[in-house]
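[1] here is the input, now give the coordinates:
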Amino acid sequence: MITRLILVFVALLPLTGCDQVNQKLGLEDPAKKEARLEAEAKAVGSACRHSGRAIEDCYSIYGWLPKAGVYAGWREMDEYMRANQIETITPQLPPAEPPGTKKKKPAVAPEASSASPPVKEETAAKAPGKSAEKP
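    Model prediction:
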């Protein structure tokens, strides 16, 4: 009887850490994820309004966020800015890229990929027997 109780206890012990396991695996509760995205959308919407971006631009730039949250944040910031006569701020950085888009890698020039380092003209001119002209 006691061995069965211990066996059941040992079997149920790993289940007590499911939240920690899910967090480590990157799994998230849908309700918590929705609340987090809604809060982010309101923050993005208010930041877009403060920077003078149109609501349509915010929708297109931040397409993965819920539009209702973006609009709510944009509208709240608009009301606040009108009430307090706050001017818009010009954005200094380009808009963020949506997740899942790959950044383009700069193309490597064929000359830069050669094994020998490039020779400077000054050192080539000083070296005896070598011409300073590049081929």
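
[2] ok, longest helix in this structure?
    Secondary structure assigned by DSSP state H gives helix 30-50 as the longest helix of the chain.

[3] who does that one touch, helix- and strand-wise?
    Counting by 3 or more C-beta pairs under 8 Å, 6 or more residues apart in numbering; DSSP states H and E, the packing neighbours recorded for helix 30-50 are helix 55-61, helix 67-84. Glycine gets a C-beta too; all of them are placed from N, C-alpha and C.

[4] buried stuff in the shortest one?
    If I follow you right, that is helix 55-61. For helix 55-61, a neighbour-count test (16 or more other C-beta atoms under 10 Å) marks Ile55, Cys58, Tyr59, Ile61 as buried.

[5] and the gap between Gln92 and Leu5?
    64 Å (C-beta to C-beta, to the nearest Å).

[6] again, but for Gly26
    Going from Gly26 to Leu5 by C-beta to C-beta gives 35 Å.

[7] which one's more surrounded, those two?
    Leu5 (9 against 6; other C-beta atoms under 10 Å).

[8] rank the helices and strands packed on helix 30-50 by pLDDT, which is bottom?
    Lowest mean pLDDT within the helices and strands packed on helix 30-50: helix 55-61, at a mean of 88.

[9] tell me which strands and helices that one is in contact with?
    Helix 55-61 packs on helix 30-50, helix 67-84, going by 3+ C-beta pairs under 8 Å, 6+ apart.

[10] which among the ones you listed is found nearest to Glu97?
    helix 30-50 (13.9 Å; C-beta to C-beta).

[11] mind listing what's buried along the closest one?
    For helix 30-50, the neighbour count (16+ other C-beta under 10 Å) marks Glu38, Glu40, Ala41, Lys42, Val44, Gly45, Ser46, Ala47, Cys48, Arg49, His50 as buried.

[12] all set, thanks.
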